[in-house]
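K.L.:
Need a 3D model of the sequence below.
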Amino acid sequence: MHKITIYTDGAASGNPGPGGYGVVLKSGKHYKELTKGFRLTTNNRMELLAVIEGLNTIKRKGNIVDIYTDSKYVCDSVEKGWVFDWERKRFKKKKNIDLWKRFLELYRIHNVKLHWVKGHADIPENERCDELAVKASQGNNLLVDKGYEIEDKEDSIW
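P.N.:
Model prediction:
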């Protein structure tokens, strides 16, 4: 079992608009950064996807994982237990169902604690995540956020 610290941030210009995420993972002497950009998405999706990608990078199960995020949406949904109620009610009338389901799978294989931190509060790792997220959102060859662009439209009655 390892103690792993993950810092995350998401960004979207226009909300919806081009977006990206940034992740910094630390464990002992190990350090890793993750980032990707998408052509059309939302800030909340990028905040949640950053957490998912951070957890998904961990190879071994059962670690102690502290996640630092400036997203009240993500932190409160988990720490206040809302997402577990949403799941019990099959996410009826909730957004980002595809991501919440992925999150819950990963969340349950580790001992995860989310911590809310104020954005732009001179926490170096969170500042770095913000840089990565913004830069990714402004990149060329942005990816398609299928959960937003495609699955959302498949649910439409039009």
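
K.L.:
Which residue ranges of the protein form strands?
P.N.:
3-12, 17-27, 30-41, 64-69, 111-116 (DSSP state E).

K.L.:
which residues of this structure fall in helices?
P.N.:
In the chain, the helices defined using DSSP state H lie at 43-57, 72-79, 82-88, 97-107, 124-137, 146-149, 151-154.

K.L.:
Residue 119 - nearest residue in space that isn't next to it in sequence?
P.N.:
Of all residues not flanking residue 119 in the chain, residue 70 sits nearest, at 3.6 Å (Cβ to Cβ, 6 or more residues apart in numbering). For every residue, glycine as well, the C-beta is placed using N, CA and C.

K.L.:
With residue 125 instead?
P.N.:
Closest to residue 125 by Cβ to Cβ, 6+ apart is residue 7, at 3.9 Å.

K.L.:
ok, now residue 91?
P.N.:
Excluding the flanking residues, the one nearest residue 91 by Cβ to Cβ, 6+ apart is residue 97, at 4.4 Å.

K.L.:
I'd say that neighbour and residue 83 touch.
P.N.:
No. Taking contacts as Cβ atoms under 8 Å, residue 97 lies outside contact range of residue 83: 10.6 Å.

K.L.:
Of the two, which one has the most company?
P.N.:
For residue 97 versus residue 83, neighbours defined as other Cβ atoms under 10 Å are more numerous around residue 83 (21 against 16).

K.L.:
wouldn't that one be in contact with residue 76 here?
P.N.:
No. Assessed by Cβ under 8 Å, residue 83 is found out of contact with residue 76, at 9.5 Å.

K.L.:
among the helices and strands of the chain, which has the poorest mean pLDDT?
P.N.:
One helix or strand of the chain scores below all others by mean pLDDT, DSSP states H and E: helix 151-154, with a mean of 54.

K.L.:
Check what pLDDT the residue nearest to residue 119 gets.
P.N.:
At residue 70, the pLDDT value in this model is 96.

K.L.:
One more: residue 150?
P.N.:
On the pLDDT scale, residue 150 gets 81.
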